[in-house]
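**Q** I'd like to go over a predicted model; first the sequence, then the structure.
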Protein chains: 4
Amino acid sequence: MPDLTDVVAQIARDMARAETRGTVASYIPELAKVDPRQFGICVIDHDGKVHAAGDADVPFSIQSVSKVFTLTMALGKVGDQIWTRVGREPSGNPFNSIVQLEREAGIPRNPFINAGAIVVSDILLEGHKPREAIGSILSFVRDLADDQTIIVDSAVARSETQTGFRNVALANYMRAFGNLQNAPELTLGVYFHQCAISMSCRQLATAVQFLAHDGFNPAVGRRVVSSERARRIAALMLTCGHYDGSGDFAFQVGIPGKSGVGGGIIAVVPGKAAIAVWSPGLNKVGNSLLGAVALERLTRAMNWSIFASR
Amino acid sequence: MPDLTDVVAQIARDMARAETRGTVASYIPELAKVDPRQFGICVIDHDGKVHAAGDADVPFSIQSVSKVFTLTMALGKVGDQIWTRVGREPSGNPFNSIVQLEREAGIPRNPFINAGAIVVSDILLEGHKPREAIGSILSFVRDLADDQTIIVDSAVARSETQTGFRNVALANYMRAFGNLQNAPELTLGVYFHQCAISMSCRQLATAVQFLAHDGFNPAVGRRVVSSERARRIAALMLTCGHYDGSGDFAFQVGIPGKSGVGGGIIAVVPGKAAIAVWSPGLNKVGNSLLGAVALERLTRAMNWSIFASR
Amino acid sequence: MPDLTDVVAQIARDMARAETRGTVASYIPELAKVDPRQFGICVIDHDGKVHAAGDADVPFSIQSVSKVFTLTMALGKVGDQIWTRVGREPSGNPFNSIVQLEREAGIPRNPFINAGAIVVSDILLEGHKPREAIGSILSFVRDLADDQTIIVDSAVARSETQTGFRNVALANYMRAFGNLQNAPELTLGVYFHQCAISMSCRQLATAVQFLAHDGFNPAVGRRVVSSERARRIAALMLTCGHYDGSGDFAFQVGIPGKSGVGGGIIAVVPGKAAIAVWSPGLNKVGNSLLGAVALERLTRAMNWSIFASR
Amino acid sequence: MPDLTDVVAQIARDMARAETRGTVASYIPELAKVDPRQFGICVIDHDGKVHAAGDADVPFSIQSVSKVFTLTMALGKVGDQIWTRVGREPSGNPFNSIVQLEREAGIPRNPFINAGAIVVSDILLEGHKPREAIGSILSFVRDLADDQTIIVDSAVARSETQTGFRNVALANYMRAFGNLQNAPELTLGVYFHQCAISMSCRQLATAVQFLAHDGFNPAVGRRVVSSERARRIAALMLTCGHYDGSGDFAFQVGIPGKSGVGGGIIAVVPGKAAIAVWSPGLNKVGNSLLGAVALERLTRAMNWSIFASR
């Protein structure tokens, strides 16, 4: 078995000089400004040792990576009732597709496509003001990452609010089917702010540790969710975590992960590692191009796979 | 940890008297005749010990379970070239949908929906006569199961040939896009016969062992595929093995599996167990209703999950 | 040839006591309050003689009937440039479908489905404030109907603004593709108000006369559009005027018409008659049930059809 | 009013030297051999006078133009029962789309898309052998055209049989839904042969005269269908006769027509003219490019439109 620190460092070096880096998301103007030459990686092993390299401490917009955290919160708030309003199946469509909603009466296929995550935000908003809901999400993420300095990037949130027409369409469409409880603009306020949370690879790897350890976050010595729930969230990440590239990610990388259009990906090797990688350029299905390459390199080097016998 | 033999026996008893048993597939007349009151289970643990109960030795039509075996063969024959003709993504549609083919120029989404499996059969047929291709498949399966008595049920094959209009449509549609190399009726001849192979749970559990052991089949002391290929096939099973119920199966059961409309399901817990269950009644997405329930019971009782830390 | 006055009167009597009357549109709360027992009809023949019966003078919400008037205005404003932003093909989908927009990059199939009419409203809004655009539309319709008392029903406009989530979705979706020039809420403001115009059958029959006379409105002695444009608008009404029931309407009734979910239908027999009918109950594709029956009765009795040799 | 003979001659001259001629259908090998430089036109006016020019006497493969004739026959055989098996709505999809069939349980949207025409062939086949059904169709068309020399081009029929995989898919797909009564290969035998009928513009214009004269064919002095049925067939031609270009054809040309991938189009101006044009090059929705241009020129020059007051 190679040394993890060496592997991580080598990957960071290789990714730093990779020529094909994908395309930075352009539909959110604020994200389009990000320098595509960045790459960060952080791996926390089962002993809690942190292996970081490259731009591992540069904060970036976590975008859809936040969906893992809000789903975890919503499950805590309403339990399995969530599944009456959102499905658990891969969508077979792009992340912002509205076609499926029309076919299936406003029920999004899973909580990791935009429509599904908006429903999750709507659940978190119920009984609260948007400001409170956003505060709760931020607080939850700070606790997971054991870092109270994490903030929402208000320029990104504003940019999304001004240009997120597809998400406005999705929210209103679901509202027409009765699958939003709050005014679409309020629910979207929560959603856009959770997407605009800024975190570094180091913070994200810490925050996702609970999914590598059956629901227990060793960084803070606290159980986040039950063992069963942790497994189920990880299962959803594997089948739905990379939009219409989820099957390919499972095939190539072989571990549960969740990507965001900011270029971040979080992933876990149960019992072995919590991982975050980041590179802003995306492939054609909207996932970090170098992030996926780095994860494939890492899992291959370390012989990590949830489909392996060890 | 409970005793596996006890768990298996208890599940078989409970399933035998379950009242809700789903609906036997009716679109293949020969399958519609099967008695829905049957249930079989066989689990082979990491020591090779066989735990069987119920109708574990009754042969049934393996149908789409065969797709795992033919995919394995096709990968052996043409390697990764297969992925130019079939995708690796969940379909988001029923198993026999033709809609996706029109959208995506005749390239099936994955090798476990009917269209994808027909392409796989077409690959196996190339350079051979249908009789030879069928013979090779049967021979491969017999070797995996270490049982030369396995046969094709010719009544089922005939029944499918006479009534499989949707599959004829799928094959001709792909032929129109140039994604079949052989005459559709010949490729379908291979496909219908592989689906009509009859096997018992015991035979299937033995045959799928190689996917629980990184490509090595301990029953016959032989490597079937490389470790990497075994993981990748298992990854496809997890994301695409239960048609439009794959996400739910991953969520509820948490291990890779592949179902067939004959009511069989094969599944593996890497490093721990190879499993086959069978009950003819299907749920609304076309998977064995009691088979899925039994697998959920089994994995919960044994604390088996590819998303767990142990 | 039967006497038109008699035919119209007999139809009104029969429709008044018809038992199957369809279902009043419920998705706009204000419309759901309308009494379904009403029926009105008005036919203006080629001599300008008015044949009215039943509730021909009761104003109702014209809803999508307004799309004929706004399309006429938009063609006057931008001419054939409109066709770069909206198509001319039947949609093969319900009136408020969003699926087609995703497939065809935000270009609605025709100006008579909601998405297309919203683009038309957006064109009329360009260079104006919403209040001005609404004023222009109202003014145009008043002139066509030669009746300055026509108003917008503000309760209906408000009701649509509060509940028209699907239309909000459509507008934002097209905005995401760059096919709206104005802020979606402003364009929708225009759209919701044009839909909320209240008119009687008598007023509508007068207003649509120009399409029966090659673009010339004899009621006011004024040319509205060129002969060619009048024919083209009528052609669009025939192929697209009844949503996904357009083919059936052409088949059964045989003349160009445009329906609205308020239960109104306008129609023309070129050179012979301008017609408006109204009954609030809708059939399953969203067109006035008795309105269509009455038009079929009328055209059959008078032997009117654009497909006939006379 | 210009002289019709002059107009027709001028159009033929202009079309003969047009540079943009579209693309000859390539998916039927035999059709791909046709010289794209040909253009024919024939107009029969209300006095029965024939105005022909260009290649008006060159026989070509009528392909989907045949659907008008077989629909007429099927209506004669089973009357309105046909509408339980095929719809009357524009499809909003390409001519050979299979998507709509999956959505709508095997019921084609209208009798002029391939799937619908195959159902019509199936109806004509019932109670007969394929050879008899083909004979009846040929006999019916010969009588309409008053020309017993019309034949089926067996090379084209064979070519379609060997390569018509999409049509085989459509037929089998409908068979799976129970919407074909005969074996798919037999129904397709009829369908492929009707498509392979060879006719010239002169023959086609004669054959379609009955739709210009309320069901009466003056060429043979015989009523073909009732006045109402003639109108209804013409209505279907207007809404569905040019596949997903039907709305555009109605808008630009303004009269009912039916095109075929052989490059022919038949059309009628009720009470005024029966028309056939032919040019092998197709536009992107599969209709004769120059044929449509010629018809637009003709109707504009003669001021013909079913939407005009005269």
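**A** On my side now, so go ahead.
**Q** all helices for chain A, in order.
**A** Using DSSP state H, the helices of chain A run over residues A:4-16, A:29-32, A:66-78, A:99-103, A:114-125, A:130-145, A:154-163, A:165-176, A:184-195, A:201-207, A:209-212, A:227-240, A:246-252, A:289-302.
**Q** same for the fourth one, what does it pack against?
**A** Using 3 or more C-beta pairs under 8 Å, 6 or more residues apart in numbering or on different chains; DSSP states H and E as the contact definition, the elements that helix A:99-103 packs against are helix A:165-176, helix C:99-103. In short, each C-beta sits where N, CA and C put it, glycine included.
**Q** Am I right that residue A:78 is in contact with residue A:123?
**A** Yes: assessed by C-beta atoms under 8 Å, residue A:78 is found in contact with residue A:123 at 5.8 Å.
**Q** Can you pick out the residue with more neighbours from the two?
**A** Counted by other C-beta atoms under 10 Å in any protein chain shown, residue A:78 and residue A:123 do not tie: residue A:123 has more neighbours, with 27 against 16.
**Q** quick one: least confident helix or strand in chain A?
**A** helix A:99-103 (a mean of 81; mean pLDDT, DSSP states H and E).
**Q** Which positions in that one come out as buried?
**A** The neighbour-count check on helix A:99-103 (16 or more other C-beta atoms under 10 Å in any protein chain shown) flags A:99, A:100, A:101, A:102 as buried.
**Q** what's near enough to touch the residue in the stretch 51-200 of chain A that chain D sits nearest to?
**A** The stretch 51-200 of chain A approaches chain D most closely through residue A:103 (9.1 Å), counting by C-beta to the nearest C-beta. Taking C-beta atoms under 8 Å, 6 or more residues apart in numbering or on different chains as the criterion, residue A:103 is in contact with residue C:99.
**Q** tell me the domain boundaries of chain A?
**A** Per automatic domain parsing, the structural domains of chain A span A:4-61+A:200-302, A:64-197.
**Q** Run through chain A and note the low-pLDDT ranges.
**A** Scanning chain A with the threshold set as pLDDT under 70 gives A:94-96.
**Q** Excluding sequence neighbours, find me the nearest residue to residue A:18.
**A** residue A:290 (5.8 Å; C-beta to C-beta, 6 or more residues apart in numbering or on different chains).
**Q** how far away is the one you found from residue A:262?
**A** In this view, residue A:290 and residue A:262 are 13 Å apart by C-beta to C-beta, to the nearest Å.
**Q** Flag every buried residue along stretch A:56-68.
**A** Neighbour counts using 16+ other C-beta under 10 Å place A:56, A:58, A:59, A:60, A:61, A:62, A:63, A:64, A:65, A:66, A:67, A:68 of stretch A:56-68 among the buried residues.
**Q** and what of stretch A:6-17?
**A** So, applying 16+ other C-beta under 10 Å, buried residues of stretch A:6-17: A:7, A:8, A:9, A:10, A:11, A:12, A:15, A:16.
**Q** Quickly check these for the two that are furthest apart.
**A** A:7 and A:16 (15.0 Å; C-beta to C-beta).
**Q** any idea how far residue A:291 lies from residue B:23?
**A** Separation of residue A:291 from residue B:23 (C-beta to C-beta) stands at 44 Å.
**Q** Those two: which has the busier surroundings?
**A** Per other C-beta under 10 Å, whichever of residue A:291 and residue B:23 has more neighbours is residue A:291, with 32 against 14.
**Q** residues touching the more buried one, list them.
**A** Contacts of residue A:291 (C-beta under 8 Å, 6+ apart): A:259, A:263, A:264, A:265, A:277, A:278, A:279.
**Q** just residue A:99 next, same as before
**A** By C-beta under 8 Å, 6+ apart, the contact set of residue A:99 is A:93, C:98, C:99, C:102, C:103.
**Q** next one: residue A:227
**A** A:214, A:215, B:308.
**Q** again, but for residue A:124
**A** For residue A:124, the contacting residues are A:70, A:73, A:74, A:77, A:133, A:136, A:137, A:190, by C-beta under 8 Å, 6+ apart.
**Q** Quickly check the residues you listed for the two that are furthest apart.
**A** A:77 and A:190, at 13.2 Å, using C-beta to C-beta across the contacts of residue A:124.
**Q** Residue A:180 reaches residue A:118, doesn't it?
**A** Yes: counting by C-beta under 8 Å, residue A:180 does reach residue A:118; the two are 7.5 Å apart.
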